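In: I would like the atomic coordinates for the input below:
(one chain, ligands or ions: 1)
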Amino acid sequence: FLMNQPKPVRKAVFPVAGLGTRFLPATKSIPKEMLPIVDKPLIQYAVEEALEAGIDTLIFVTSRNKHAISDHFDTAFELQTRLAQDGKTGLLQRINQIVPDEVNLVYVTQPEALGLGHAILCAETIVGDEPFAILLADDMIRNDGPGALAQMVDLYRESGASVIGVEEIPDEMTTSYGVVGVEVNDQGRSAIHTMVEKPVPEDAPSRLGVVGRYVLDPAVFSYLHGVTAGSGGEIQLTDGIAAMLQTHPVLALPFEGERYDCGSRHGFIKATIDYAIDHDDIRDDMLDHMSDLLEQF
Ligand code: G1P
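Out: Below is the predicted model of the structure:
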């Protein structure tokens, strides 16, 4: 593979058109990406991770009834006026600084829920011929050092190859993830040679599961156009990337950080507890409560 100096990764796609059925009835009227962990919605954590990685254009692929997401990133004139009048400057700052002024926000709609690959295709004309990131907000990644996407963008910059975030998953979980087969390349990096969406354990090429973070070469779009319904009858992003492997290198990065599967109730609650303990003002109260609980069980 011949590599020129890679272009900067400036755009990130956030697919937020899902139905969120695992959190019904909470998600009957609000998108699952708006469910809060302590005091911020899931989508805001993902957006902050993207901004930290140098992203300046946020592309949300939405569906009907997702106004809450664009409202969240919009100015809230009445609320801001009220907070200013009441002298609540700390809170005012927290709601004013969600996204800096120079960041572009773009909303595109996915007219039909045909799968993650299809959602990404809906962003094709906005992304154009540039490398781009994808963040699935229900995978939250907590970190003391650089965020997961920043680590991936660094690897993209060094290698010029697409990068997918991966982590070890247990045997019985292969049917919930994209699973990659890797081999160590000349540069000592993990190059993906196979990628399968939600295989049964016997068909899984490894135990390395795809986490919801991708830095992709725009060539993936032309491959996605050729993808037909796969796992679950949906147009899978995994199948588009698997096809791209013939012509474009893709690396697997087991990033630093702890991932929470906030698409599941237990993952969501674990994240809530761990993030709550990170907040100085409620930490002691939380820990007391948990030690009381543990005494009862
Ligand atoms: C999607 C992807 C899958 C990936 C997962 C990570 O699946 O299709 O390859 O492993 O996200 O969270 P979903 O969880 O949307 O079914």
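In: just the strands in the protein please.
Out: Counting by DSSP state E, the chain has strands at residues 11-15, 36-37, 40-41, 57-62, 104-109, 132-135, 139-142, 162-168, 178-184, 190-197, 208-216, 250-253, 258-261.
In: just send those back as CSV, with mean neighbour count, mean pLDDT and distance to Thr81 too.
Out: Heads up, the C-betas are built off the backbone N, CA and C, glycines and all. Below are the strands of the chain laid out as CSV (neighbours: other C-beta atoms under 10 Å; pLDDT from 0 to 100; distance: least, C-beta to C-beta, whole Å):
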stretch, mean neighbour count, mean pLDDT, distance to Thr81
strand 11-15, 26, 98, 29
strand 36-37, 16, 96, 24
strand 40-41, 18, 96, 22
strand 57-62, 22, 96, 26
strand 104-109, 14, 94, 22
strand 132-135, 26, 98, 32
strand 139-142, 22, 96, 32
strand 162-168, 23, 98, 41
strand 178-184, 19, 97, 46
strand 190-197, 20, 97, 48
strand 208-216, 25, 98, 37
strand 250-253, 22, 98, 45
strand 258-261, 19, 96, 36
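In: any chance of the ones you listed in CSV, plus distance to the ligand?
Out: Formatted as CSV, the strands of the chain follow (distance: least, C-beta to the nearest ligand atom, whole Å):
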stretch, distance to the ligand
strand 11-15, 8
strand 36-37, 16
strand 40-41, 18
strand 57-62, 13
strand 104-109, 18
strand 132-135, 10
strand 139-142, 5
strand 162-168, 9
strand 178-184, 3
strand 190-197, 5
strand 208-216, 4
strand 250-253, 12
strand 258-261, 7
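In: wait, which of the ones you listed is closest to Ala276?
Out: Counting by C-beta to C-beta, Ala276 lies closest to strand 36-37 out of these; the figure is 8.5 Å.
In: so how far is the closest one from its chain's centroid?
Out: With C-alpha atoms, centre = their mean, to the nearest Å as the basis, strand 36-37 stands 15 Å off its chain's centre.
In: what does stretch 280-297 give?
Out: The answer for stretch 280-297 is 30 Å, by C-alpha atoms, centre = their mean.
In: what's the answer for stretch 177-193, then?
Out: The chain centroid and the centroid of stretch 177-193 are separated by 21 Å under C-alpha atoms, centre = their mean.
In: alpha carbons only: can I get that stretch in CSV?
Out: Provided in CSV are the C-alpha atoms of stretch 177-193 (Å, rounded to 0.1, in the frame of the first residue of the first chain):
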residue,chain,number,x,y,z
TYR,A,177,-20.2,-7.5,18.2
GLY,A,178,-18.3,-7.1,15.0
VAL,A,179,-15.2,-9.4,15.5
VAL,A,180,-11.9,-8.9,13.7
GLY,A,181,-9.1,-11.3,12.8
VAL,A,182,-5.6,-9.6,13.0
GLU,A,183,-2.0,-10.3,12.1
VAL,A,184,1.0,-8.2,13.1
ASN,A,185,2.3,-6.2,10.1
ASP,A,186,5.8,-5.0,9.2
GLN,A,187,5.5,-2.0,11.4
GLY,A,188,4.5,-4.2,14.4
ARG,A,189,0.9,-3.0,14.2
SER,A,190,-2.3,-5.2,14.3
ALA,A,191,-3.6,-5.3,10.8
ILE,A,192,-7.1,-6.6,10.3
HIS,A,193,-7.5,-9.3,7.7
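In: run through who's touching that stretch.
Out: 155, 159, 161, 164, 166, 169, 194-199, 204-210, 236-238, 245, 249-254 (C-beta atoms under 8 Å, 6 or more residues apart in numbering).
In: 7 Å instead, please
Out: Applying C-beta atoms under 7 Å, 6 or more residues apart in numbering, the contact partners of stretch 177-193 are 159, 164, 166, 169, 194-199, 204-206, 208-210, 238, 245, 249-252.
In: then stretch 5-13?
Out: Counting by C-beta under 7 Å, 6+ apart, 50, 54-59, 61, 120, 123, 127, 130-135, 153, 156-157, 160, 215 sit against stretch 5-13.
In: what do you get for stretch 63-76?
Out: Residues from elsewhere that reach stretch 63-76 (C-beta under 7 Å, 6+ apart): 16-17, 30-31, 33-34, 41, 43, 60, 62, 95, 98-99, 105, 107, 109-110, 113.
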